[in-house]
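1. The sequence isn't on hand, but the structure is:
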Ligand SMILES: NC(=O)c1ccc[n+]([C@@H]2O[C@H](COP(=O)([O-])OP(=O)(O)OC[C@H]3O[C@@H](n4cnc5c(N)ncnc54)[C@H](OP(=O)(O)O)[C@@H]3O)[C@@H](O)[C@H]2O)c1
């Protein structure tokens with residue numbers, strides 16, 4: 001399976017590195033076309049292209065850009081693709097987006113609205129890039145960290161669950177896109193290392209009223225694993 005990555009920053013590099021190690025063919029991209037992403041691609045051992053080329057290339061396409069870029073994604077090329085959304089909403093960086101600010105929709109629902117035909121799956125948002133690099137483990141290893149995965153498309157969700165597994169994490173079915181607020185920022189599982197059973201139980205116990213302070217994960221990242 002081929003993996004396209006829109007973005008060539010910290011998350012793109014970490015995912016690209018794990019994906020190449022797992023045997024996937026990868027193309028990443030940034031705003032500056034093929035030549036702009038070339039040096040990052042060389043360090044990972046993958047291809048570089050424009051955002052449109054990476055979207056066309058991937059059977060699975062990871063969006064690893066700031067949320068503020070959601071309107072400039074290559075929607076034509078992403079139609080029909082399994083699209084991994086790992087975006088988190090930071091109003092100071094992304095600008096205030098009313099529907100997100102008021103909790104009327106999840107970041108994934110916003111993205112799905114913007115990308116008609118894309119098979120959007122929320123995953124890989126709930127881990128820091130540092131942990132993504134160092135916490136990956138082979139299947140069955142002790143202390144393997146769980147990763148929530150949500151989508152309205154069951155087949156796309158299972159493709160992404162397998163991808164997450166190959167990257168080194170235990171996927172946990174977290175329902176549809178409308179449920180993905182359970183692992184957005186300010187929720188107890190956000191960026192906290194949990195095993196599969198604890199992840200499932202904590203997601204289920206998280207209500208709209210269950211919030212944690214910003215940075216909670218900094219002090220709780222390992223306690224539950
Ligand atoms: N860092 C983390 O620990 C972490 C963890 C979980 C989730 N996330 C989320 O992952 C996303 C990426 O974070 P990051 O830390 O990797 O950011 P980053 O290091 O700043 O990289 C962002 C990348 O996106 C590219 N980009 C921006 N707009 C684009 C567009 N319209 N088309 C194509 N490429 C575009 C940038 O390219 P240029 O250099 O050309 O501008 C850059 O390569 C964010 O939404 C973040 O909230 C981050």
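-> Nice, I can see it. Model, not experiment: these values are computed from the prediction. Residues are numbered from 1 along each chain as shown.
2. of all of this structure, which residue lies closest to the ligand?
-> Across the chain, no residue is closer to the ligand than residue 9, which sits at 1.8 Å (C-beta to the nearest ligand atom). Using the backbone N, CA and C atoms, a C-beta is placed for each residue, glycine as well.
3. residue contacts, that residue?
-> When contacts are counted by C-beta atoms under 8 Å, 6 or more residues apart in numbering, residue 9 is found next to 30, 64-65.
4. let's see it at 10 Å
-> By C-beta atoms under 10 Å, 6 or more residues apart in numbering, residue 9 lies in contact with 28, 30, 40, 64-66, 129.
5. Most neighbours of all those, which one?
-> Among the contacts of residue 9, the one with the most neighbours (other C-beta atoms under 10 Å) is residue 28, at 31 neighbours.
6. Up against the ligand, what does this protein have?
-> Proximity of the chain to the ligand (C-beta under 6 Å from any ligand atom) is limited to residues 6-12, 29-32, 36, 51, 64-67, 69, 72, 86-88, 125, 128-129.
7. circling back to that earlier point, restricted to strands, list the contacts of residue 9.
-> Mapping the contacts of residue 9 onto strands (DSSP state E) picks out residue 28.
8. Export the contacts of residue 9 as a markdown table, with columns for distance to residue 156 and pLDDT.
-> Compiled in a markdown table, the contacts of residue 9 are given as follows (distance: C-beta to C-beta, whole Å; pLDDT from 0 to 100):
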| residue | distance to residue 156 | pLDDT |
| --- | --- | --- |
| 28 | 21 | 97 |
| 30 | 25 | 91 |
| 40 | 27 | 94 |
| 64 | 18 | 98 |
| 65 | 20 | 97 |
| 66 | 23 | 97 |
| 129 | 24 | 97 |
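9. Adding distance to residue 187, write the contacts of residue 9 out as a markdown table.
-> What follows is those, written out as a markdown table (distance: C-beta to C-beta, whole Å):
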| residue | distance to residue 187 |
| --- | --- |
| 28 | 29 |
| 30 | 30 |
| 40 | 31 |
| 64 | 21 |
| 65 | 22 |
| 66 | 20 |
| 129 | 19 |
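10. For residue 209, state which of the contacts of residue 9 is nearest.
-> Closest approach to residue 209 among those (C-beta to C-beta): residue 66, at 28.6 Å.
11. and the closest one, what is it in contact with?
-> By C-beta under 10 Å, 6+ apart, the contact list for residue 66 reads 7, 9, 87-90, 93-95.
12. Let me know how buried the residue lying closest to residue 119 once chain neighbours are set aside is, in neighbour terms.
-> Setting aside the residues directly before and after it, residue 119 is nearest to residue 156 in space (C-beta to C-beta, 6 or more residues apart in numbering), at 3.8 Å. Counted with other C-beta under 10 Å, residues neighbouring residue 156 total 20.
13. just the one 5 residues further on next, same as before
-> Neighbour count for residue 161, taken as other C-beta under 10 Å: 20.
14. Next: the one 5 residues further on.
-> Using other C-beta under 10 Å as the criterion, residue 166 is surrounded by 17 other residues.
15. That one touches residue 1, doesn't it?
-> Yes. Distance between residue 166 and residue 1: 9.3 Å, which falls inside the contact criterion (C-beta atoms under 10 Å).
16. what touches both of the two?
-> 19, 23-24.
17. Would you reformat those residues as CSV and include secondary structure?
-> Formatted as CSV, those follow (DSSP: H, G, I helix; E, B strand; the rest coil):
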residue, secondary structure
19, helix
23, coil
24, coil
